[in-house]
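Engineer: have a look at this prediction, sequence included:
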Amino acid sequence: MDYSFHYAMANHYIVGVAGVIVSLLGLVFLYYNSLVRFRGLSKLKRPASMDAPKENYVNRNGNCEAVGTTDIIIVGAGVAGAALAYSLGKDGRRVRVIERDLNAPDRIAGEALIPGGYLKLMELGLEDCLDEIDAVRMPGYILYKDGKEASVIFPLEKFQPHVDGRTFRHGRFVRKLRNKAASLHNVSLEQGTVTSLIEENGTVKGVHYKDKSGQLMTAYASLTFVCDGCFSNLRRSLCNPKVDIPSYFVGLVLTNCKLPNENYAAFVLEEPAPILFYRISSTEIRCMVDIPSQNLPSISDGEMSHYLKTQVAPKVLPELYTAFIAAIEKKGNIRTMPIKIMAAAPHLTPGAFLIGDAFNMRHAITGGGMTVALSDVILLRDLLRPLHDLSDASTICKYLESFYTLRKPMSSTINTLANVLQKVFSATSDPAMNSMQQTCFGYLRLGGVFANGLSAMLSGLCPRPSSLAFHFSAMAIYGVGQLLLPFPTPKRLWNGAKLLWVASSVLFPFIWSEGVRQMFFPLTVPAYYRTPPGKSMRRNSLD
Ligand SMILES: Cc1cc2nc3c(=O)[nH]c(=O)nc-3n(C[C@H](O)[C@H](O)[C@H](O)COP(=O)(O)OP(=O)(O)OC[C@H]3O[C@@H](n4cnc5c(N)ncnc54)[C@H](O)[C@@H]3O)c2cc1C
């Protein structure tokens with residue numbers, strides 16, 4: 001009897017049935033999603049009615065200022081703060097940015113911008129910040145597992161040839177963003193550490209900060225944007241910060257070596273930890289090892305070097321092995337950074353607004369943080385454009401509540417994907433998690449609509465929760481189908497049920513923390529319909 005023939009037939013049958021179910025589910029989601037997108041876009045395409053204020057004087061002395069000389073204070077000139085300063089400055093706002101350290105940041109974070117983020121940079125007129133920083137194009141990733149490969153190629157056929165992922169030294173990029181913001185005459189950028197927000201009767205009026213010389217200063221503005229990053233000290237009164245630290249990235253710089261597939265990032269999915277390699281300049285490759293928080297060895301007593309040499313190096317791709325060992329031995333070359341996850345949970349506070357990592361964080365494994373931050377900057381810029389007057393803090397606060405729903409397509413898709421994939425990619429000792437990892441890897445290897453769809457989400461080009469639901473459902477069906485082959489037995493059925501249970505227990509808490517309603521049914525959220533103050537409110541029975 002030819003079992004392989006029957007096996008292949010059964011395989012095709014299951015995949016076929018699964019395909020039909022998934023397509024039906026997909027149609028429902030896509031129909032709903034197109035409705036949301038249609039309404040969402042028409043809402044945002046308001047005419048930009050704000051004229052540049054005639055008087056754009058900005059005090060650069062850093063002394064105490066009266067209300068009125070600055071429209072907007074921005075705390076922190078990282079990716080979010082600098083991009084926001086530029087875009088609001090471009091719209092004619094008088095912006096004052098207070099940044100703790102104006103030197104180029106030296107961090108192992110924020111070195112890969114996915115294509116969706118590149119498109120956002122273009123929309124902000126900031127794409128030239130990637131010029132002359134020795135940035136490298138990144139067309140996708142190759143995943144390696146058990147001697148097999150699966151590729152995530154960014155689907156960029158419909159875009160201009162320069163649209164791509166980019167990798168670079170974070171500090172060089174941020175310095176360019178800051179320079180670009182400071183080039184506007186109505187944007188002032190000064191060094192200072194903001195110590196607290198000035199709050200009067202529940203409204204934020206400005207900030208207290210220490211300037212470069214340590215002197216305590218005060219600055220006032222109609223609106224204060226807090227963009228002080230993942231270690232934010234100021235977020236406490238503006239949101240409900242439930243921060244989880246599932247793992248640490250251990251970063252090294254490798255030199256004198258090449259990635260196996262040109263500029264494609266290499267992602268090794270092996271025990272004890274996933275390892276990521278990508279170029280950060282024409283001569284350097286960044287290696288990131290994702291180590292669970294509870295297992296993090298110490299750098300100072302040499303435990304980390306030992307761990308990297310004995311546990312991680314044997315799993316490194318052969319062409320990178322020598323450079324990896326050399327990088328471990330180079331003094332001061334091993335650095336760590338906590339990976340924080342924090343769902344967006346704002347406390348609406350008149351006069352103040354949180355964005356960037358201070359407001360919302362996801363696992364860094366898919367490199368989506370800067371894309372979410374840039375996407376939020378564009379939304380805020382567009383929401384603020386019709387407003388001449390920012391002085392009525394309560395009304396503006398109410399109006400800007402729509403931001404939290406409008407940002408969901410991009411933020412919830414990137415956040416959920418990143419958080420789920422990190423769990424799946426890092427846990428291999430549990431058999432059910434291991435079969436989830438196999439499922440995900442196998443799904444990508446199917447190619448076609450499956451791999452393309454997932455790649456589009458990973459690249460930030462398809463910010464649709466409905467696509468996420470579609471692909472997670474398809475993956476579950478594919479995974480269970482694989483477990484039931486060549487024919488269902490009680491044990492296989494049990495394993496299939498376990499896979500579904502584990503997949504749900506990984507996925508649903510993240511969807512829950514994003515907010516099911518905001519993520520999948522934004523049209524039912526009253527705040528979605530907010531219109532600019534002073535304009536006639538669209539009738540809305542939900543409000
Ligand atoms: C290890 C790691 C790797 C990552 N890799 C990627 C990646 O490859 N791709 C990607 O897109 N994202 C990545 N991210 C996420 C990305 O770095 C962030 O999403 C992004 O930098 C957020 O920008 P931000 O402006 O909110 O914060 P930041 O870029 O951190 O900027 C905050 C700024 O505020 C300043 N500041 C802080 N406190 C004060 C204060 N009190 N007063 C004045 N100024 C202050 C800081 O000096 C800093 O300049 C990674 C994150 C981590 C942790």
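Structural biologist: Perfect, I can see it now.

Engineer: got phi/psi on the residue of the stretch 201-350 of the chain found nearest the ligand?
Structural biologist: For the stretch 201-350 of the chain and the ligand, the shortest gap (C-beta to the nearest ligand atom) falls at Gly229, measuring 2.7 Å. (Glycine included, C-beta is placed from N, CA and C.) For Gly229, the backbone dihedrals (degrees, to the nearest 10) come out as phi 80, psi -170.

Engineer: OK, contacts around it?
Structural biologist: 76, 78, 356-358 (C-beta atoms under 8 Å, 6 or more residues apart in numbering).

Engineer: try it again with 6 Å
Structural biologist: Counting by C-beta atoms under 6 Å, 6 or more residues apart in numbering, Gly229 touches 76, 78, 357-358.

Engineer: try Ile114
Structural biologist: Here Ile114 is in contact with 165, 367, 371, 459-460 (criterion: C-beta under 6 Å, 6+ apart).

Engineer: just the buried ones from these, in ChimeraX syntax?
Structural biologist: Restricted to buried positions by 16 or more other C-beta atoms under 10 Å, the ChimeraX selection for those reads:
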select :165,367,371,459,460
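
Engineer: for the contacts of Ile114, which one is nearest the ligand?
Structural biologist: Gly367 (3.4 Å).

Engineer: can you tell me which residues in the stretch 1-150 of the chain are near the ligand?
Structural biologist: 75-81, 98-101, 105, 108-113 (C-beta under 6 Å from any ligand atom).

Engineer: can you flag the buried ones in those?
Structural biologist: If we count by 16+ other C-beta under 10 Å, those have these buried: 75-81, 98-100, 105, 108-113.

Engineer: what about these, which are in helices?
Structural biologist: Counted as lying in helices by DSSP state H, out of those, are 79-81.

Engineer: interface residues of the stretch 351-500 of the chain facing the ligand?
Structural biologist: 356-358, 364, 367-371, 373.

Engineer: give me that answer again for 5 Å
Structural biologist: Residues of the stretch 351-500 of the chain found near the ligand (C-beta under 5 Å from any ligand atom) are 356-357, 364, 367, 369-370, 373.

Engineer: quick one: low-confidence parts of the stretch 351-500 of the chain?
Structural biologist: 427-428 (pLDDT under 70).

Engineer: how about the strands in it?
Structural biologist: 352-354 (DSSP state E, counting those that start in this stretch).

Engineer: and the helices in it?
Structural biologist: In the stretch 351-500 of the chain, the segments counted as helices under DSSP state H, counting those that start in this stretch are 369-384, 393-399, 403-406, 408-426, 431-445, 448-458, 465-484, 490-514.

Engineer: sorry, back to before: can you pull the pLDDT of the residue of the stretch 201-350 of the chain closest to the ligand?
Structural biologist: Listed pLDDT for Gly229 reads 98.

Engineer: which stretches of the protein aren't confidently modelled?
Structural biologist: Checking the chain against pLDDT under 70 turns up 1-68, 427-428, 535-543.

Engineer: redo that, cut-off 80
Structural biologist: Applying pLDDT under 80 to the chain flags the ranges 1-69, 427-430, 534-543.

Engineer: can you check which strand is longest in it?
Structural biologist: As assigned by DSSP state E, the longest strand anywhere in the chain is strand 187-200.

Engineer: give me the sheet partners of whatever helix or strand comes next after that one and which way each runs.
Structural biologist: Using DSSP states H and E, the helix or strand that follows strand 187-200 towards the C-terminus is strand 203-211. With DSSP bridges as the test, strand 203-211 is paired with strand 187-200 (antiparallel), strand 216-220 (antiparallel).

Engineer: which one of those lies nearest to the ligand?
Structural biologist: Short answer: strand 187-200, nearest of the strands paired with strand 203-211 by C-beta to the nearest ligand atom, at 3.8 Å.

Engineer: how about that closest one: buried residues?
Structural biologist: Result for strand 187-200 [16+ other C-beta under 10 Å]: buried residues 187-194, 197-198.

Engineer: contacts with the ligand among these, please.
Structural biologist: 193-194.

Engineer: SS state for the residue nearest to Lys258 when sequence neighbours are not counted?
Structural biologist: Among residues not flanking Lys258 along the chain, Glu319 sits closest, at 6.6 Å (C-beta to C-beta, 6 or more residues apart in numbering). Taking DSSP: H, G, I helix; E, B strand; the rest coil as the rule, one finds Glu319 in the helix state.
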